[in-house]
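Novice: pasting a predicted model and its sequence here:
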Number of protein chains: 2
Amino acid sequence: MTYTHSKQIVISGTGIWVPEYTITNEELVSSYNLYAEKFNIMHMLEIAAGTMEEKPLSSEKFIEKASGIKSRYAYTKKGILDIDRLCPDIQERKEEELSNQAEIAIHAAQKAMAAAGKTPEDIDAVIVSCTYTQRAYPAIAIEVQQNLGIQGFGFDMLMACSAATFGLNRAYDCLSAGSARCVLIINPEILTPQVNYRDRQSHFIFGDVSTAVIMETAETCTSNNRVDILSTRSMTRYSSSIRSNFGYLSQAANVDPFGPDKLFHQAGKRVFEELSGMTVSHIKDHLAYHDIEPEAVALFFLHQANINMNRMVIKQLFQKDVLQEKAPIVLDQFANTASAGSIIAFHLHHQKLTSGDIGMICSFGAGYSAGSLILRKP
Amino acid sequence: MTYTHSKQIVISGTGIWVPEYTITNEELVSSYNLYAEKFNIMHMLEIAAGTMEEKPLSSEKFIEKASGIKSRYAYTKKGILDIDRLCPDIQERKEEELSNQAEIAIHAAQKAMAAAGKTPEDIDAVIVSCTYTQRAYPAIAIEVQQNLGIQGFGFDMLMACSAATFGLNRAYDCLSAGSARCVLIINPEILTPQVNYRDRQSHFIFGDVSTAVIMETAETCTSNNRVDILSTRSMTRYSSSIRSNFGYLSQAANVDPFGPDKLFHQAGKRVFEELSGMTVSHIKDHLAYHDIEPEAVALFFLHQANINMNRMVIKQLFQKDVLQEKAPIVLDQFANTASAGSIIAFHLHHQKLTSGDIGMICSFGAGYSAGSLILRKP
């Protein structure tokens, strides 16, 4: 359902924290190919006998063609390229120390608060909305809340790639209902630990980043950079085609909690077809609610999973290939950052909107899910 | 912040699913003591040398005095009492099979929908709000949504013991904002896998259960059993005193993902003092917003963690020990069921409210967190 509320709700500031480490396709391919060659040598007898499949090699060309990704950021580089480990090496912190996820959440939050001109006293609610949380409880949002000196309440939401818009849409509800005057929504995505670096089809997909958004009513907003929200919409339709089975029941089931099915895995081709169609319908329906034609939208800030998917979505909306003009791409530099992708695109490009322009943030992904906000620059 | 919305939002139905297995204190103590005796024999040299602590034995008397718990339900009994395992044995299901958590969520949801007289077509949003989810994505809420044939959207929220009220409060926002006409909120709690059955202080605390609530506006409600919501309130204040560090970064940190700190653990005495004080303040403040004295509340439906804590809260509110009359206890039979506790109390006892009566659902727990809804029977 879509709803336009009588209170004008706005985005008044955004912030981003980018890790200091990058991993290029070249580095990733070099590490993966070494791993694959070693694997093939160690299993040459089984491979020759046909009882095991040879690991295919990869190339930068393949990755860039398949996804548009050239590089990605990483919370740490240590361990990821080590072919005997292929997993980031992140030392566990003590319970009294700040968690890794709260740390990067705070970095982005402080920038969003500064951009919106907000102090901790102005904020009533903190939503941490992302793909995984570092622990079950206490919620990461509460740790962030305390560290920033915010009163009110916080909670964690898990919605994978749609976590940003699903978080923003719940913040919209919260502001509409008056349960908060100003909400801080954060997407602290440490995704490299969910990557199966042994899998040629997916080892290049994800990067780490943290983004934050301040939402409030126009009444309290003092920012010159505000963007008004016309309405929000969320939809979900179940599919197992993008999946991570990581969870606390692995011990009860006597299975490896970090086995390949516990990491990110997908039926890529099916996802491409089903999800791009669902997203196009979602966007058209949401715009139609306001009698807005896709052509009337100045900029789309889309989820950043795959450049070919974004091109397909934009082509179906505009009946021509206007990706570059209409939907800024950040995935070449950031890769897929799950929930954060559409927010990075918005953060880096929303200044291009001029007075009266219509914009749209739209995320889509695992679930399946699609979430959107129709924006207007005042 | 507290907010009374112009639309009258109501609870129109609740449902509960109770596992078929029970574990009594007697069974639990018998198993724990066998484990402790075996441990002490195996480590008798270290214990004699003072390099290891002897495992103290437990008793039913201790458990009942410390908590008020007499028994608990379990999703499966297999494995829990086996002293060489001390963990439930739950076979992993295939990706195409219904997940365990969606299964018990659906059981409770169907009962709540029947109680409220709702069909899948009436519902626009499904919130699964609980302590852990079985996997990272797709969200359990979306699996439930599909299985029940509900359109709209679903998402998962994690808020440990306050997950029920935090979920209800977000549903209230959602209904206030008009993002949904009717919301299904479910708390499918499979908690036995988070229990450290080797720990005398906590092995008896949790049980499994699933509860569900239907919330909508008075306008669409056709139930004769509705309860009106006057307002909702959520608060959080960070504490590490109740904690589960279970999370996906264990692999990156090279630590046991199911070590004792990854399971439920708490500083019991500190929690008792700090959390009961915080809860009393929260309840008083919320009631004061409506100029309601605690004495004017007919029934409190409190979180069910510990009978002594509930007695303390009620005593501080009423200045006398009226626990039995004012705040139904279900933890003797169910133990602590995290988010579900206050909903079970409401489900089993809200019929005692007569026209004009004020009631209050209040959960409190890890975070710290406290969430409440002030109710009036029309």
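Specialist: On my side now, so go ahead.

Novice: quick one, helices of the stretch 201-350 of chain A?
Specialist: With DSSP state H, counting those that start in this stretch, the ranges of helices along the stretch 201-350 of chain A come out as A:250-253, A:268-289, A:307-318, A:323-326, A:331-334, A:340-349.

Novice: which of those helices sits most buried?
Specialist: The highest mean neighbour count among the helices of the stretch 201-350 of chain A, using mean count of other C-beta atoms under 10 Å in any protein chain shown, belongs to helix A:340-349: a mean of 26. Yep, even glycine has a C-beta here, placed from its N, CA and C like the rest.

Novice: quick check: next helix or strand after it?
Specialist: Helices and strands here follow DSSP states H and E; after helix A:340-349, the next one along the chain is strand A:358-365.

Novice: that following strand packs against which elements?
Specialist: Using 3 or more C-beta pairs under 8 Å, 6 or more residues apart in numbering or on different chains; DSSP states H and E, the elements in contact with strand A:358-365 are helix A:163-177, helix A:268-289, strand A:297-302, helix A:340-349, strand A:369-376.

Novice: chain B: which of these is closest?
Specialist: helix A:163-177 (3.5 Å; C-beta to the nearest C-beta).

Novice: and the angle from the closest one to helix A:340-349?
Specialist: Relative orientation of helix A:163-177 and helix A:340-349, computed by axes from the mean of the first three to the mean of the last three C-alpha atoms, to 10 degrees: 70 degrees.

Novice: just the CA trace of helix A:163-177, in CSV.
Specialist: Provided in CSV are the C-alpha atoms of helix A:163-177 (Å, rounded to 0.1, in the frame of the first residue of the first chain):
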residue,chain,number,x,y,z
ALA,A,163,17.1,-3.0,4.2
ALA,A,164,17.8,0.6,3.4
THR,A,165,14.4,1.4,1.9
PHE,A,166,12.6,-0.9,4.3
GLY,A,167,14.3,1.0,7.2
LEU,A,168,13.5,4.4,5.6
ASN,A,169,9.9,3.3,5.1
ARG,A,170,9.5,2.3,8.7
ALA,A,171,11.1,5.6,9.7
TYR,A,172,8.4,7.3,7.6
ASP,A,173,5.7,5.4,9.5
CYS,A,174,7.3,6.3,12.8
LEU,A,175,7.4,10.0,11.9
SER,A,176,3.9,9.9,10.4
ALA,A,177,2.5,8.3,13.6
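
Novice: could you check the angle that helix makes with strand A:358-365?
Specialist: Computed by the same axes, to 10 degrees, the angle between helix A:163-177 and strand A:358-365 is 120 degrees.

Novice: how far does helix A:163-177 sit from the chain's center?
Specialist: 16 Å (C-alpha atoms, centre = their mean, to the nearest Å).

Novice: A:Gly11 against A:Leu230, yeah?
Specialist: Slight slip there: residue A:11 is Ile, not Gly. No. No contact is recorded between A:Ile11 and A:Leu230 when judged using C-beta atoms under 8 Å, the distance being 11.8 Å.

Novice: give me the more crowded residue out of those two.
Specialist: The residue with more neighbours, out of A:Ile11 and A:Leu230, is A:Ile11; 29 against 21, by other C-beta atoms under 10 Å in any protein chain shown.

Novice: any idea how far the residue nearest to that one when sequence neighbours are not counted is from chain B?
Specialist: Of all residues beyond its chain neighbours, the one nearest A:Ile11 is A:Val227 (4.8 Å), with distances taken as C-beta to C-beta, 6 or more residues apart in numbering or on different chains. A:Val227 sits 19 Å away from chain B, going by C-beta to the nearest C-beta, to the nearest Å.

Novice: what about A:Val227, neighbour count?
Specialist: Using other C-beta under 10 Å, A:Val227 is surrounded by 20 other residues.

Novice: could you dump the helices of the stretch 201-350 of chain A into JSON lines with mean pLDDT added?
Specialist: As requested, the helices of the stretch 201-350 of chain A are arranged in JSON lines below (pLDDT from 0 to 100):
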{"stretch": "helix A:250-253", "mean pLDDT": "96"}
{"stretch": "helix A:268-289", "mean pLDDT": "96"}
{"stretch": "helix A:307-318", "mean pLDDT": "97"}
{"stretch": "helix A:323-326", "mean pLDDT": "95"}
{"stretch": "helix A:331-334", "mean pLDDT": "98"}
{"stretch": "helix A:340-349", "mean pLDDT": "98"}
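
Novice: which of those sits closest to B:His303?
Specialist: Taking C-beta to C-beta as the criterion, helix A:250-253 is the member of those that comes nearest to B:His303, at 25.0 Å.

Novice: do any residues in stretch A:131-143 lie close to chain B?
Specialist: Yes. Between stretch A:131-143 and chain B, judged by C-beta under 8 Å from any C-beta of the partner chain, the touching residues are A:Thr131, A:Tyr132, A:Thr133, A:Gln134, A:Arg135, A:Ala136, A:Tyr137, A:Pro138, A:Ala139, A:Ala141, A:Ile142, A:Glu143.

Novice: count of neighbours near A:Glu26?
Specialist: Burial of A:Glu26 is recorded as 13 neighbouring residues (other C-beta under 10 Å).

Novice: surely it is within a strand?
Specialist: No. Membership of A:Glu26 in a strand is not supported by DSSP: H, G, I helix; E, B strand; the rest coil, which gives helix.

Novice: redo the helices and strands packed on strand A:358-365 as CSV? Include distance to B:Thr192.
Specialist: As requested, those are arranged in CSV below (distance: least, C-beta to C-beta, whole Å):
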stretch, distance to B:Thr192
helix A:163-177, 29
helix A:268-289, 35
strand A:297-302, 42
helix A:340-349, 35
strand A:369-376, 30
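
Novice: now these in CSV, with distance to chain B?
Specialist: Compiled in CSV, these are given as follows (distance: least, C-beta to the nearest C-beta, whole Å):
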stretch, distance to chain B
helix A:163-177, 3
helix A:268-289, 11
strand A:297-302, 19
helix A:340-349, 15
strand A:369-376, 7
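
Novice: give the contact list for the residue nearest to A:Ile11.
Specialist: With C-beta atoms under 8 Å, 6 or more residues apart in numbering or on different chains as the criterion, the residues that contact A:Val227 are A:Val10, A:Ile11, A:His350, A:Leu353, A:Gly359, A:Leu375, A:Arg376, A:Lys377, A:Pro378.

Novice: hmm, back to that, quick check, nearest of the residues of stretch A:131-143 next to chain B to A:Leu184?
Specialist: Comparing those against A:Leu184 with C-beta to C-beta places A:Ala141 closest, at 9.0 Å.

Novice: what is the helix or strand harbouring the closest one packed up against?
Specialist: Element membership for A:Ala141 (DSSP H and E) is helix A:140-148. When contacts are defined as 3+ C-beta pairs under 8 Å, 6+ apart, helix A:140-148 packs onto helix A:100-116, strand A:125-130, strand A:153-158, strand A:182-189, strand B:227-236.

Novice: now the third one: average pLDDT?
Specialist: I take that to be strand A:153-158. For strand A:153-158, the per-residue pLDDT values average out at 96.

Novice: make TSV out of the helices of the stretch 201-350 of chain A and add distance to A:Tyr368.
Specialist: TSV is the format used below for the helices of the stretch 201-350 of chain A (distance: least, C-beta to C-beta, whole Å):
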stretch	distance to A:Tyr368
helix A:250-253	25
helix A:268-289	6
helix A:307-318	13
helix A:323-326	22
helix A:331-334	19
helix A:340-349	16
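
Novice: indicate which one of those is closest to A:Ser202.
Specialist: In terms of C-beta to C-beta, the element of those nearest to A:Ser202 is helix A:268-289, at 7.9 Å.

Novice: same for the closest one, what does it pack against?
Specialist: strand A:227-236, helix A:307-318, strand A:358-365, strand A:369-376.

Novice: now render the ones you listed as TSV, adding distance to B:Glu216.
Specialist: As requested, the helices and strands packed on helix A:268-289 are exported to TSV (distance: least, C-beta to C-beta, whole Å):
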stretch	distance to B:Glu216
strand A:227-236	18
helix A:307-318	34
strand A:358-365	28
strand A:369-376	23
